[in-house]
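# Sequence unavailable; structure follows:
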């Protein structure tokens, strides 16, 4: 008993020293992927190789094809509702230009320092946007998708969450969501910040927790840093062209490029607020001026050394998007499918943790056929 009385206080002291501080959260790195033993397949804008992007039909098809996550890009309406569109300019993905009632809303704005002319979600209420219909963004490459023009509404973020829940029940496996905030600095500047409604939606749906199958991503850095203490789910830093500077950095007078973020030192800095990186494929396998693949880089190993997951984008089946050596046909038809499986297999062999794909069925087929 005397020994116990002497040892017990020491044990309690050691336990206290090793316990997390009050209010501290466990590290978020890989939390949404801890339960997955295989690289993730993320349905990029839904199964956008087969249906107009960012529609409930595209998301549902992606999940039914085997994707682990569906990816909605988020922009805001005039009344502050988050909706799924790749850009806030919507003439390329909806029939707004064919609606005479909205002809007067065509305008030119500076979006992230670039002059863009068209129609913008922030100039429409949700009710007005719901009256529009989606259309295929690249009909010259995906003419079959144009068959579905005019059939689908613009979905809200809440509708995407509800769809994922329904499909999880029907398919008997969890379908995750992987939202991206689009142009967050711009939306902040016009009084329609994306972060607060995003956090509120996750809270409302009980998804702001470590066990939720959710990643949140952005090409900007400041909003991810701001979201880090608010969200229990992992954050992913997207990487654009190496010479480009994230708009929030540029707006603040900074000069740090995406290429600098992709260095070993840069990735270590990213690891302070994010759990993963979403690089374009060429960070891993560069291409020469003709489009032929060059030798792979050390990017995956460097990111893993920094404790970061690697989810590259975007895998697509068409020749237009494949490296020169994997295109088929003489000469290659841009819309024809090339040897997409060889590209998937190369990236899986490099050790990626997930893949954004417009064609989730081929991504699943490639992943499940490659020993890990």
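Cool, got the structure. All values reported here derive from a predicted model rather than from experimental measurement.

# okay, now the closest residue in space to residue 365 that isn't next to it in sequence: neighbour count?
Leaving aside its chain neighbours, residue 365 sits nearest to residue 341 (7.4 Å; criterion: Cβ to Cβ, 6 or more residues apart in numbering). Backbone N, C-alpha and C define where each C-beta goes, glycine included. Neighbour count of residue 341, defined by other Cβ atoms under 10 Å: 16.

# again with the one 5 residues further on
Residue 346 is flanked by 18 other residues according to other Cβ under 10 Å.

# and what of residue 299?
Burial of residue 299 is recorded as 24 neighbouring residues (other Cβ under 10 Å).

# cool, and residue 304?
Counted with other Cβ under 10 Å, residues neighbouring residue 304 total 14.

# Check residue 111 too.
Neighbours of residue 111 under the rule other Cβ under 10 Å: 18.

# residue ranges of the strands in the stretch 151-300 of the chain, please?
Listed in chain order, the strands found in the stretch 151-300 of the chain under DSSP state E, counting those that start in this stretch are 176-177, 180-181, 216-218, 235-239, 276-279.

# between the ones you listed, which one is nearest to residue 355?
Closest to residue 355 of the strands of the stretch 151-300 of the chain, according to Cβ to Cβ: strand 276-279, at 10.3 Å.

# list the helices and strands that closest one packs on?
Where contact means 3 or more Cβ pairs under 8 Å, 6 or more residues apart in numbering; DSSP states H and E, strand 276-279 is packed against strand 235-239, strand 309-310.

# From residue 198, how far off is the residue nearest to residue 365?
From residue 341 across to residue 198, the span is 35 Å (Cβ to Cβ, to the nearest Å).

# likewise residue 176?
For residue 176, the distance to residue 198 - Cβ to Cβ - is 15 Å.

# same check, this time on residue 94
Computed as Cβ to Cβ, the residue 94 to residue 198 distance reads 22 Å.

# and if you look at residue 162?
Separation of residue 162 from residue 198 (Cβ to Cβ): 16 Å.

# Residue 222 against residue 185, yeah?
Yes - under the criterion of Cβ atoms under 8 Å, residue 222 is in contact with residue 185, at a separation of 7.3 Å.
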